[in-house]
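Engineer: Provided below for reference: sequence and predicted model.
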Amino acid sequence: MLGAPGSGKGTQAKLLVEKYKLPQISTGDMLREAVAEATPLGRQAKVSMDAGQLVSDEIVLAIIQERVTRPDARKGFILDGFPRNLQQAEALDQLLTSLGRPLNLSLLVAVDVDALIQRLVGRRTCLSCGQMYNVYYAPPHIEGRCDECGGRLRHRADDNEETIGNRLRVFETHTLPVVEYYKEHGTLRTLQGVGEISDIFKAVTKVVEDVKSNLKNETRTDAIRAAFAKHRASKAEKAAAEKKPAKKSARKAVKKAAAKKTVKKKPVPKKKVVAKKKVAAKKKVVAKKKVAAKKTLSKKPASKKKTAAKKAVKKTLARNKVAPKKKTAAKKTVKKAAARNKVAPKKKTAAKKKVAAKKTARKTARKKR
């Protein structure tokens with residue numbers, strides 16, 4: 001809920017809580033509650049509040065995170081009084097997105113400045129139940145008492161013209177950029193907060209219902225798309241399981257078929273096709289010519305001169321082969337001769353010895369005689 005002080009956004013937030021049973025998250029109320037209960041975050045906030053300083057955004061965001069994760073906020077929640085500046089808006093978006101709970105609607109209650117001053121000056125708040133009244137156009141039945149619970153009504157000290165003027169200037173400088181931020185993100189809806197509270201609430205509920213129906217349609221279409229995608233995937237899995245190609249070649253064929261279905265083949269340019277055909281034709285002609293040349297060479301008889309030359313070469317080769325044999329025979333005869341020559345001297349010496357032995361035998365015979 002967005003709006004200037006006194007725009008009535010708090011009143012409309014309470015009516016929304018009653019109708020849709022959603023918790024209203026007011027950062028001021030939560031801080032006071034945390035301080036009263038002395039929670040860890042409450043103790044940190046109390047230090048800043050006692051020092052007269054603003055509570056840091058980190059503490060406020062931590063309190064919001066703790067609140068929106070409670071069971072009563074599962075169906076949704078209403079933020080009132082936060083964010084107050086652009087930095088808080090960006091930090092809040094990051095937090096809620098990380099929690100999976102992004103804002104679906106940013107509702108601006110727009111009111112004229114003069115009407116705002118009148119509302120704030122005449123505003124009265126019940127101390128017991130928080131019900132709000134205005135002494136000018138929505139007064140209680142009993143002055144100073146709440147119609148709902150009979151509690152005492154309070155007039156806030158800061159509800160005076162000087163303080164209200166300052167608060168409106170702060171709203172213009174800090175909160176209007178937040179309005180532009182949500183406008184850019186497409187979640188902002190604006191309605192006039194002038195007239196009877198019930199009439200304003202009718203306009204508020206109409207906006208809320210429109211946003212709810214849009215969200216339902218979006219989720220429905222998303223669910224239908226997811227269901228179709230799941231059906232297609234299961235169908236493809238079944239088909240693959242039925243086929244189950246054992247060989248790698250069969251698997252490759254299946255993959256190629258799937259790729260052909262998903263990816264359209266680019267048409268080959270005509271020029272490339274013609275060029276490929278010409279190259280193939282040239283190759284065929286060259287191959288035919290080579291085959292014909294081989295056949296003609298095998299058929300042509302050799303000329304007489306060539307055959308004579310071949311015979312002469314064969315004869316020379318035969319001679320060369322025979323010559324070594326003759327040489328080896330000559331070598332053998334030489335060796336035999338040498339062997340004979342070696343043997344002859346031995347025989348001569350043996351003969352000489354025999355002759356000498358005969359001579360010596362004769363001489364000895366003579367002497368004996």
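Structural biologist: The structure has been received and is ready for your questions. Residues are numbered from 1 along each chain as shown.
Engineer: tell me the domain ranges of this protein?
Structural biologist: 2-122+159-194, 234-262, 266-299, 322-369 (automatic domain parsing).
Engineer: out of these, the one nearest residue 217 is which?
Structural biologist: domain 2-122+159-194 (13.0 Å; CB to CB). Where C-beta positions appear, they are placed from N, C-alpha and C, glycine not excepted.
Engineer: and that closest one, how far out from the chain's middle?
Structural biologist: Relative to the chain's own centre, domain 2-122+159-194 is displaced by 37 Å; criterion: CA atoms, centre = their mean, to the nearest Å.
Engineer: which residue ranges of the stretch 51-200 of the chain form helices?
Structural biologist: In the stretch 51-200 of the chain, the helices defined using DSSP state H, counting those that start in this stretch lie at 57-68, 86-98, 113-121, 161-170, 176-184, 197-243.
Engineer: between helix 86-98 and the fifth one, find me the angle.
Structural biologist: In this case it means helix 176-184. Inter-element angle recorded for helix 176-184 and helix 86-98: 40 degrees (by axes from the mean of the first three to the mean of the last three CA atoms, to 10 degrees).
Engineer: tell me what helix 176-184 is packed against?
Structural biologist: Applying 3 or more CB pairs under 8 Å, 6 or more residues apart in numbering; DSSP states H and E, we find helix 176-184 packed against strand 2-3, helix 86-98, strand 106-110.
Engineer: mean neighbour count, these: which tops it?
Structural biologist: Neighbour counts averaged per stretch over the helices and strands packed on helix 176-184 are highest for strand 2-3, at a mean of 24; criterion: mean count of other CB atoms under 10 Å.
Engineer: and that strand, average pLDDT?
Structural biologist: Mean pLDDT, strand 2-3: 90.
Engineer: and stretch 198-208, by the same measure?
Structural biologist: Rounded mean pLDDT across stretch 198-208 is 94.
Engineer: who touches it?
Structural biologist: 8, 12, 15-16, 19-20, 105, 107, 109, 189, 191-194 (CB atoms under 8 Å, 6 or more residues apart in numbering).
Engineer: quick test: name the residue nearest the centre of this protein.
Structural biologist: The residue lying closest to the centre of the chain (CA atoms, centre = their mean) is residue 98, at 18.7 Å.
Engineer: and that one, what does it touch?
Structural biologist: So residue 98 contacts nothing (CB under 8 Å, 6+ apart).
Engineer: with residue 41 instead?
Structural biologist: 34, 59, 62-63, 66.
Engineer: what helix or strand is it on?
Structural biologist: According to DSSP states H and E, residue 41 maps onto helix 40-50.
Engineer: can I get that helix as PDB, trimmed to CA atoms?
Structural biologist: Output of helix 40-50 as PDB, limited to C-alpha atoms (Å, rounded to 0.1, in the frame of the first residue of the first chain):
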ATOM      1  CA  PRO A  40      17.500 -10.200  19.100                       C
ATOM      2  CA  LEU A  41      16.300  -7.900  16.300                       C
ATOM      3  CA  GLY A  42      14.200  -5.900  18.800                       C
ATOM      4  CA  ARG A  43      17.200  -5.300  21.000                       C
ATOM      5  CA  GLN A  44      19.200  -4.100  18.000                       C
ATOM      6  CA  ALA A  45      16.400  -1.700  17.000                       C
ATOM      7  CA  LYS A  46      16.000  -0.400  20.600                       C
ATOM      8  CA  VAL A  47      19.700   0.700  20.600                       C
ATOM      9  CA  SER A  48      19.000   2.900  17.500                       C
ATOM     10  CA  MET A  49      15.600   4.200  18.800                       C
ATOM     11  CA  ASP A  50      17.100   5.100  22.200                       C
END
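Engineer: mind listing what's buried in that helix?
Structural biologist: For helix 40-50, a neighbour-count test (16 or more other CB atoms under 10 Å) marks 41-42, 44-46 as buried.
Engineer: widest-spaced pair of those?
Structural biologist: Maximum pairwise distance among these (CB to CB): 9.7 Å, between 41 and 46.
Engineer: now for those two: what residues contact both?
Structural biologist: Counting by CB under 8 Å, 6+ apart, residue 41 and residue 46 have no shared contacts at all.
Engineer: mind checking which helix or strand of the chain has the lowest mean pLDDT?
Structural biologist: Lowest by mean pLDDT, DSSP states H and E among the helices and strands of the chain is helix 248-262, with a mean of 61.
Engineer: returning to that earlier point: now the helices and strands packed on helix 176-184 in CSV, with distance to residue 206?
Structural biologist: Listed next are the helices and strands packed on helix 176-184 as CSV, based on distance: least, CB to CB, whole Å:
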stretch, distance to residue 206
strand 2-3, 17
helix 86-98, 25
strand 106-110, 11
